[in-house]
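Trainee: Need coordinates for the following:
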Amino acid sequence: MPMPRRTFVATAVAAAATCTATCAAPALASSRRALRQMTDGPFYPPARWRAQWSDWDADLTRVTQGGDTHRARGEHLGLALAVADASGRLVDNAEVEIWQCDTLQHYRHPDVPREASDRTIRFDPGFQGFGAAHSDARGELAFRTIRPVAYPGRTPHIHVKVRHVNFGEWTSQLFVAGEPGNARDFLWRHLSAQDREGLAMKLVAADASARAGVSGAPPLVWTARHVLIVPA
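Mentor: Numbers count the residues shown, from 1 in each chain. Here you go, the predicted structure:
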């Protein structure tokens, strides 16, 4: 079976893939260092558990269950990504997964109880918590999610996992550039300046077209464009 094609990048990434969010493409990161490897953490939802429910697409802000459609709370974020290697080549057909907590500070995970002691739902029913997509021929993909929120002991962040036949599996986290809580986060504090550059998403207020949203969806509040640098 032939290895998926890679396209050489000279200066910048072309227009981003259109998912449920519309975002311009990220410029090729100035840092060519591969993303700092991190562990899955305690809330990576296991595949066997995910297999019980099929709604793990690239729109984390919409959940349909029992004929009802729920929309995520929080500030909706259009996240445009591109996958490139340390030599500057875009990588097509890379599987990218993201997962994060909801605005109530809970992850979708089998170890997180669905209900509190008073029988109230503990998590946001409109937020998937996990999503997956594949990069296209130009190495591009996009997610619709929410601006990550802090929870006790951690600054806002989005977990990311990238898989490809050429480099295997690469796991890391994306932080919000300029977030005050970063300075108190134990993982961020131990990152080098170069590693921080590769992991800091720059959030931009959504323009008028993005704020209009898609039919039935709340408007986007933020967009972010980021390149995931993986091993060459």
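Trainee: got the buried residues for stretch 59-71?
Mentor: Neighbour-count burial for stretch 59-71, counted by 16 or more other C-beta atoms under 10 Å, picks out Asp59, Leu60, Thr61, Arg62, Val63, Arg71. Every C-beta, even on glycine, is put in place using the N, C-alpha and C of the backbone.
Trainee: beta partners for the residue nearest the centre of the chain?
Mentor: Centroid check for the chain by C-alpha atoms, centre = their mean gives Ile98 as the closest residue, at 4.2 Å. Note on Ile98: beta-bridge partners Gly131, Val160, judged by DSSP bridges.
Trainee: Output the helix ranked longest in the chain in PDB, but only the C-alpha positions, please.
Mentor: What stands out as the longest helix in the chain, according to DSSP state H, is helix 193-199. The C-alpha coordinates for helix 193-199 follow below in PDB (Å, rounded to 0.1, in the frame of the first residue of the first chain):
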ATOM      1  CA  ALA A 193      10.300  28.900  25.200                       C
ATOM      2  CA  GLN A 194      10.500  27.000  21.900                       C
ATOM      3  CA  ASP A 195       8.100  24.400  23.100                       C
ATOM      4  CA  ARG A 196       5.700  27.000  24.300                       C
ATOM      5  CA  GLU A 197       5.700  28.600  20.900                       C
ATOM      6  CA  GLY A 198       4.600  25.400  19.300                       C
ATOM      7  CA  LEU A 199       1.800  24.800  21.800                       C
END
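Trainee: on that earlier part again, which one of the buried residues of stretch 59-71 is nearest to Pro156?
Mentor: Leu60 (14.9 Å; C-beta to C-beta).
Trainee: Can you pull the phi and psi angles for that closest one?
Mentor: Per-residue torsions, Leu60: phi -80, psi 0 (degrees, to the nearest 10).
Trainee: ok, it to Phe43 distance?
Mentor: Distance, Leu60 to Phe43, using C-beta to C-beta, to the nearest Å: 14 Å.
Trainee: One more: Leu174?
Mentor: Taking C-beta to C-beta, one finds Leu174 at 15 Å from Phe43.
Trainee: for this protein, what spans make up the strands?
Mentor: Assigned by DSSP state E, the strands in the chain fall at 6-8, 62-65, 68-71, 76-85, 89-91, 95-99, 130-134, 140-146, 157-164, 168-176, 200-201, 203-205, 222-230.
Trainee: Format those strands as JSON lines; extra columns: mean pLDDT and distance to Trp188.
Mentor: JSON lines is the format used below for those (pLDDT from 0 to 100; distance: least, C-beta to C-beta, whole Å):
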{"stretch": "strand 6-8", "mean pLDDT": "33", "distance to Trp188": "31"}
{"stretch": "strand 62-65", "mean pLDDT": "88", "distance to Trp188": "30"}
{"stretch": "strand 68-71", "mean pLDDT": "91", "distance to Trp188": "30"}
{"stretch": "strand 76-85", "mean pLDDT": "97", "distance to Trp188": "19"}
{"stretch": "strand 89-91", "mean pLDDT": "96", "distance to Trp188": "26"}
{"stretch": "strand 95-99", "mean pLDDT": "98", "distance to Trp188": "18"}
{"stretch": "strand 130-134", "mean pLDDT": "97", "distance to Trp188": "23"}
{"stretch": "strand 140-146", "mean pLDDT": "98", "distance to Trp188": "20"}
{"stretch": "strand 157-164", "mean pLDDT": "98", "distance to Trp188": "8"}
{"stretch": "strand 168-176", "mean pLDDT": "98", "distance to Trp188": "6"}
{"stretch": "strand 200-201", "mean pLDDT": "98", "distance to Trp188": "9"}
{"stretch": "strand 203-205", "mean pLDDT": "97", "distance to Trp188": "16"}
{"stretch": "strand 222-230", "mean pLDDT": "97", "distance to Trp188": "16"}
